[in-house]
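[1] the amino acid sequence is not available; the structure is as follows:
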């Protein structure tokens, strides 16, 4: 997930994952531009991933392609939802990484 965020040129702020017993993982990668999350069900060979971004720098498609390759997904399903549209002119909500956000580093 961190690799996907970095591949998409996101600014990683924090990372948290939990491994369930006997199997399964849920995790969140907080990025300055929003977040990436994952919930897995290995017994069903299934993972649900959200790539939530804002701004024009981040490419969620790049992050999705990275994860599809890394998981060797044979049947990926991608649904794109446009959020943050504030007018009929499709004006996006503005986002700019602040200098404080850019200084945060995560060793993951």
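    Everything's here; your move. Bear in mind that the values here come from a model prediction, so they are computed numbers and not experimental data. Residues are numbered from 1 along each chain as shown.
[2] from now on I want contacts and neighbour counts done on CA atoms only, so please keep to that.
    OK.
[3] the residue nearest the centre of the chain: which element?
    What sits nearest the mean C-alpha location of the chain, by C-alpha atoms, centre = their mean, is residue 36, with 2.5 Å. If you go by DSSP states H and E, residue 36 is part of strand 34-41.
[4] buried set for that strand?
    Neighbour counts over strand 34-41 (16 or more other C-alpha atoms under 10 Å) mark 34-40 as buried.
[5] ok, stretch 40-52 next?
    Within stretch 40-52, the residues that count as buried by 16+ other C-alpha under 10 Å are 40, 47, 49-52.
[6] next one: phi and psi at residue 4?
    Dihedral pair for residue 4: phi -60, psi -40, per degrees, to the nearest 10.
[7] for it, give me its contacts.
    Neighbour list for residue 4: 62-64, 66-67 [criterion: C-alpha atoms under 8 Å, 6 or more residues apart in numbering].
[8] from the residues you listed, which is closest to residue 20?
    In terms of C-alpha to C-alpha, no member of the contacts of residue 4 lies closer to residue 20 than residue 67, at 20.7 Å.
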